[in-house]
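A.B. asks: here is the input, now give the coordinates:
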Amino acid sequence: MLSCNYHISALWHIHLWLMLESTKMVVLSIVAACLDYCNSLLYSSDNLRKLQVTQNALARVVCQTARSCSATEKCHTLHWLPLKQRIGYKLAVSTHNVTQSVSPSYVASLISDYAPSRSLRSLDKQLLSRPYTSLVTTDKAFSVSAPKMWNDLPDVLQHV
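C.D. replies: Down below sits the predicted model:
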């Protein structure tokens, strides 16, 4: 997060000489990559608020607005999801790639299909098996959070 703040302040100093599209490109290639790096580990953490503040600062720099302006509206105009939804989206896309056999085998080995012991109505749904965990920190693992996210999606989105 410290490197994100450094890049934001550097970008703020040169934003007057950049056009909107080039500012977006710089932000997405440098700073957004820092935000996205391992952010799924912070999905249910207090650090999520700090990351959201960083994303809000990015939106203000890109749109060249003051701190008093609403960052939520600026993120909306830039078509940026709030950070928690962004992480959920990335997790759902990664899980979709696993179900479609597009991802590497080491990632696919972390997830297995749900196979009930008896005949249930949920048998025709494309659900994933979610391992039992007793610790909050283990809930952040891909093998636990991906099936939970996938099973919570509506059926229409699972079959796309």
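
A.B. asks: now the residue most central in space within the chain: how far from Leu51?
C.D. replies: Nearest to the mean C-alpha position of the chain, by Cα atoms, centre = their mean, lies Ile87 at 1.5 Å. Relative to Leu51, Ile87 is positioned 9 Å away (Cβ to Cβ, to the nearest Å). The C-beta positions use only the backbone N, C-alpha and C, and glycine is treated the same way.

A.B. asks: Val61 and Lys50, how far apart?
C.D. replies: From Val61 to Lys50 the distance is 17 Å (Cβ to Cβ).

A.B. asks: between these two, tell me which one has more neighbours.
C.D. replies: Neighbour totals were compared for Val61 and Lys50, and Val61 leads with 21 against 13 (other Cβ atoms under 10 Å).

A.B. asks: Thr95 touches Ile111, doesn't it?
C.D. replies: Yes: the pair Thr95 / Ile111 is scored as a contact, 7.0 Å apart, by Cβ atoms under 8 Å.

A.B. asks: can you check which residues contact both of those two?
C.D. replies: Common contacts of Thr95 and Ile111 (Cβ atoms under 8 Å, 6 or more residues apart in numbering): Leu128, Ala146, Pro147.
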